[in-house]
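*Asks:* coords please:
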Amino acid sequence: MRPARSKRLPPLCHPAGDISPSRGERGASRAPPAITHAIMPIPFAGDIDYDHPMTHIQAIPQFHLFGEAPDDTAFDFIHVETLAARSARHGWTISLHNHRHLNHILVIRSGGGVIRVEDEETAFRGPAVLCVAATVVHGFAFEENIDGHIATFTEDVVSGARDAAGSVRDRLRALFADPVLPLEPGGVAEGIARHMAALAEELDLARDGHQIAMRAHLMLMILEIGRARTSRTRYAQVTLRGMDETVSALRDLIEDNFRTTRRIGDYADRLGMTSERLNEHCKRVTGVTVGHMIRQRLITEAKRQLLFTDLAASEIAYDLAFADPSHFSRFFRNHTGMSPQEFRKGNEQR
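*Replies:* Residues are numbered from 1 along each chain as shown. Modelled structure (predicted):
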């Protein structure tokens, strides 16, 4: 059963920070339990207009680590810390933001809160696992008695390991389909928490081979979370479909170039294929064309900016490299059934 969506929360009364780690930081010890406070809504990092119904800003904050410029070359990065170590300093509210390369896995032992992923808020209570992919806009509001850890890592650290059913990377990406996984108290939840604790210990002690050990514990934790996810449909036959390498490379290229590159041929050239062959391959593997993937990424970005910034539709149009705002408005309406202004207004009233 999926966790219930939370209702709109009362006005914010605290500024907020972020739980993305600094490279030099180590996992901190858990803060003692405190009286649970009223959970506040999740704002953006930076200046906040408390009276605005959607708390708009000029741009979606994107960091490698909080407060630092995005790192386009980030790789081979794993960090783990307690949730209290960082969120306690920011009123237990982690502001809306995203990361270009960093993924999050949060293991909640006890306590609860709210996670916001894009435009959806979901309540959770431990034991539970939360999974957030790179590039996704997200934020958290925690109870003060939250007990858990967060692992932050680039995807390359789990690349390579695979079996006949698929790779660890495939399994990781499958977890992002639903960001909240409730767990039953007991063996499975404790096993996942042990891998997270081992990750924290390896990072903290930095013994010989600790980077290898951290990769191993991270991959084992991903496997255990995946097993817990599939076991929730006990009698269903679950087959993990491996991520096709060509489609995976195409998605990476689209992510890096969707603002400026619309032609299928440009992507095909980068992949050493003809446009026809790439389109046929993509449709066979995913069920959709390359053009559909490009258009969907544009729509996703347009929705993010309409929801999370106060940029005018015309500014968003130019940011997404449309020739003029009217072209953008027609494109948006054709794919959503409403104008950009109608989409923004409808979500402000939610």
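
*Asks:* those helices in the stretch 1-150 of the chain, which residues are they?
*Replies:* Secondary structure of the stretch 1-150 of the chain (DSSP state H, counting those that start in this stretch): helices at 83-87.

*Asks:* Show me the strands in it, by range?
*Replies:* Taking DSSP state E, counting those that start in this stretch, the strands of the stretch 1-150 of the chain run over residues 62-63, 78-82, 93-99, 102-110, 112-117, 120-125, 128-132, 138-142, 147-154.

*Asks:* what's the closest of those to Glu224?
*Replies:* Nearest to Glu224, of all the strands of the stretch 1-150 of the chain, is strand 128-132, at 9.3 Å by CB to CB. Just so you know, the C-beta spots here come from the backbone N, C-alpha and C atoms, and that holds for glycine as well.

*Asks:* one step back: I'd like the strands of the stretch 1-150 of the chain as a markdown table, with distance to Gln305 and mean neighbour count appended.
*Replies:* Listed next are the strands of the stretch 1-150 of the chain as a markdown table, based on distance: least, CB to CB, whole Å; neighbours: other CB atoms under 10 Å:
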| stretch | distance to Gln305 | mean neighbour count |
| --- | --- | --- |
| strand 62-63 | 12 | 16 |
| strand 78-82 | 29 | 22 |
| strand 93-99 | 12 | 24 |
| strand 102-110 | 21 | 23 |
| strand 112-117 | 16 | 22 |
| strand 120-125 | 17 | 17 |
| strand 128-132 | 19 | 24 |
| strand 138-142 | 16 | 26 |
| strand 147-154 | 25 | 22 |
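
*Asks:* could you redo these as a markdown table and give each row mean pLDDT and distance to Ser314?
*Replies:* Converted to a markdown table, these look like this (pLDDT from 0 to 100; distance: least, CB to CB, whole Å):
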| stretch | mean pLDDT | distance to Ser314 |
| --- | --- | --- |
| strand 62-63 | 54 | 22 |
| strand 78-82 | 92 | 40 |
| strand 93-99 | 87 | 23 |
| strand 102-110 | 96 | 32 |
| strand 112-117 | 95 | 27 |
| strand 120-125 | 94 | 27 |
| strand 128-132 | 97 | 31 |
| strand 138-142 | 94 | 27 |
| strand 147-154 | 95 | 35 |
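
*Asks:* Would you convert the ones you listed into a markdown table that also reports distance to Ile225?
*Replies:* Below are these laid out as a markdown table (distance: least, CB to CB, whole Å):
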| stretch | distance to Ile225 |
| --- | --- |
| strand 62-63 | 25 |
| strand 78-82 | 15 |
| strand 93-99 | 20 |
| strand 102-110 | 7 |
| strand 112-117 | 15 |
| strand 120-125 | 14 |
| strand 128-132 | 5 |
| strand 138-142 | 17 |
| strand 147-154 | 11 |
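
*Asks:* So which of these is nearest Leu181?
*Replies:* Leu181 sits nearest to strand 128-132 of all the strands of the stretch 1-150 of the chain, at 4.4 Å, using CB to CB.

*Asks:* Please name the strands paired to that closest one in the sheet, noting orientation.
*Replies:* Strand 128-132 has its sheet partners listed here by DSSP bridges as strand 102-110 (antiparallel), strand 180-182 (antiparallel).

*Asks:* For Ala268, give me phi and psi.
*Replies:* The phi/psi pair for Ala268 (degrees, to the nearest 10) reads phi -60, psi -40.

*Asks:* what separates the helix or strand where Arg284 lies from the chain centre, distance-wise?
*Replies:* With secondary structure defined by DSSP states H and E, Arg284 is part of helix 275-286. Distance of helix 275-286 from its chain centroid, counting by CA atoms, centre = their mean, to the nearest Å, is 27 Å.

*Asks:* Just want the angle from the next helix or strand after that helix to helix 275-286.
*Replies:* Moving toward the C-terminus from helix 275-286, the first helix or strand encountered (DSSP H and E) is helix 290-308. For helix 290-308 against helix 275-286, the angle by axes from the mean of the first three to the mean of the last three CA atoms, to 10 degrees is 70 degrees.

*Asks:* Mind listing what's buried along helix 290-308?
*Replies:* In terms of neighbour count (16 or more other CB atoms under 10 Å), helix 290-308 has its buried residues at 290, 293-295, 297-299, 301-308.

*Asks:* Ok, stretch 304-324 next?
*Replies:* The neighbour-count check on stretch 304-324 (16+ other CB under 10 Å) flags 304-311, 313, 316-317, 319-320, 322 as buried.

*Asks:* Run through the stretch 101-250 of the chain and note the low-pLDDT ranges.
*Replies:* 232-243 (pLDDT under 70).
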